[in-house]
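[1] Provided below are the primary sequence and the corresponding predicted coordinates.
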Amino acid sequence: MRIQGILAGVAAAACALTACTTESPAPTASASASLDYASLDYVALGDSAASGPRIPDQVGVPGCQQSDSNYPHVLAEELAVASFVDVTCSGAITENIVSTPQGTSSGEVPVQLDALSADTDLVTITIGGNDIGLVSTAVGCLTFTASSAANVCRDRLTAGGVDTVAAAIAEKAPNWGAMLDAVAERAPDARILVVGYGTYLPDGGCFPTQPMLPEDADYIQGSITAMNEALKTQADEHGAEFVDTEALSVGHDVCVAPDQRYFEGVVPQNPAAPLHPTAAGMAAIGDAVAEAVRAG
């Protein structure tokens with residue numbers, strides 16, 4: 001019963017996954033000199049990988065589980081922007097950005113696109129994990145039993161030669177491109193940065209410290225990488241920029257010491273939701289996004 005309780009708690013808390021070197025082009029001196037960060041109107045969109053559930057202090061709409069230490073807040077403070085609106089919300093899917101109000105535990109919230117206007121100068125977006133059910137898939141791969149042929153989650157998810165997560169990424173990727181077009185239409189002069197998801201798991205995982213078998217840990221992290229690649233492709237094709245956070249979070253995964261983690265494990269050792277960024281992770285991501293903005 002204790003094991004079932006842990007897994008149920010993780011499933012209830014986990015709403016989405018997260019995001020750093022950048023893929024943006026090198027800046028010109030004139031571009032860097034002409035950009036006045038203090039005049040920027042900045043809007044943050046996305047899911048719990050951006051909102052920061054359980055990281056103190058929680059602010060905004062309670063059901064969205066936003067932290068005032070999430071990466072959008074870090075970025076806004078670092079750039080000292082003129083205005084900042086954070087509409088990130090735990091559990092968000094792409095439709096909640098563009099077309100469908102999101103139901104939360106504290107009531108419905110408007111579509112995130114409504115926060116944008118022709119005056120918006122900077123937009124960050126972290127979305128996609130909930131679209132493909134990546135956290136629920138990861139939770140379904142948790143086990144407290146040693147490896148056996150019947151116990152490898154990866155094999156079940158790729159049975160018959162069909163990788164179900166890869167198929168979900170391929171299906172949803174066009175929606176991410178359409179979402180970026182909608183953002184650009186609503187905020188035509190804005191710089192749009194898609195912030196990817198990070199390195200949650202090292203090669204081979206760390207069973208039993210984190211209850212996922214090596215094969216499954218590699219499959220889940222490989223799926224995160226595949227999702228990031230799809231997000232980058234859509235960003236490249238739709239006039240946005242992609243900020244890669246996998247490289248910066250290597251060595252800061254769920255398997256390292258608690259004070260080194262950028263992401264929490266099944267039983268959190270830091271004030272953060274299971275399988276979500278820590279405050280340290282949000283700070284690192286915010287620094288990286290700020291660097292990307294300055295480099296542009």
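    Nice, I can see it.
[2] Figure out how far stretch 222-232 is from the centre of its chain.
    Stretch 222-232 sits 11 Å away from the centroid of its parent chain (CA atoms, centre = their mean, to the nearest Å).
[3] go on, stretch 221-232?
    For stretch 221-232, the separation from the chain centroid amounts to 11 Å (computed by CA atoms, centre = their mean).
[4] How about stretch 277-284?
    Distance of stretch 277-284 from the chain centroid (CA atoms, centre = their mean) equals 12 Å.
[5] Likewise for stretch 274-289?
    That offset, for stretch 274-289, works out to 10 Å (CA atoms, centre = their mean).
[6] what is the mean pLDDT for that stretch?
    Taken as a whole, stretch 274-289 has an average pLDDT of 98.
[7] can you check stretch 235-245 too?
    98.
[8] just the helices in this protein please.
    2-13, 29-34, 48-51, 71-79, 94-98, 134-140, 153-157, 164-186, 214-237, 279-295 (DSSP state H).
[9] Output the ones you listed in TSV, with distance to residue 248 appended to each entry.
    (C-beta placed from N, C-alpha, C; glycine too.) Output for the helices of the chain, formatted as TSV (distance: least, CB to CB, whole Å):
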stretch	distance to residue 248
helix 2-13	24
helix 29-34	22
helix 48-51	14
helix 71-79	12
helix 94-98	25
helix 134-140	20
helix 153-157	26
helix 164-186	22
helix 214-237	13
helix 279-295	6
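[10] now those helices as a markdown table including mean neighbour count?
    Formatted as a markdown table, the helices of the chain follow (neighbours: other CB atoms under 10 Å):
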| stretch | mean neighbour count |
| --- | --- |
| helix 2-13 | 13 |
| helix 29-34 | 9 |
| helix 48-51 | 33 |
| helix 71-79 | 23 |
| helix 94-98 | 22 |
| helix 134-140 | 21 |
| helix 153-157 | 17 |
| helix 164-186 | 18 |
| helix 214-237 | 20 |
| helix 279-295 | 22 |
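[11] mind checking which of those is nearest residue 146?
    Of all those, it is helix 214-237 that lies closest to residue 146, at 11.2 Å by CB to CB.
[12] what about this structure, any weak spots by pLDDT?
    By pLDDT under 70, the weakly predicted segments of the chain are 1-35, 147-150.
[13] sorry, back to before: out of the helices of the chain, which comes closest to residue 203?
    Of these, nearest to residue 203 by CB to CB is helix 214-237, at 6.6 Å.
[14] contacting residues for the nearest residue to residue 131 once chain neighbours are set aside?
    Leaving aside its chain neighbours, residue 131 sits nearest to residue 172 (4.5 Å; criterion: CB to CB, 6 or more residues apart in numbering). By CB atoms under 8 Å, 6 or more residues apart in numbering, the contact set of residue 172 is 94, 128, 131-132.
[15] so how far is residue 163 from residue 172?
    Separation of residue 172 from residue 163 (CB to CB, to the nearest Å): 14 Å.
[16] thinking again about what came up before, tell me the one of the contacts of residue 172 nearest residue 245?
    Once CB to CB is applied, the member of the contacts of residue 172 that ends up nearest residue 245 is residue 128, at 12.9 Å.
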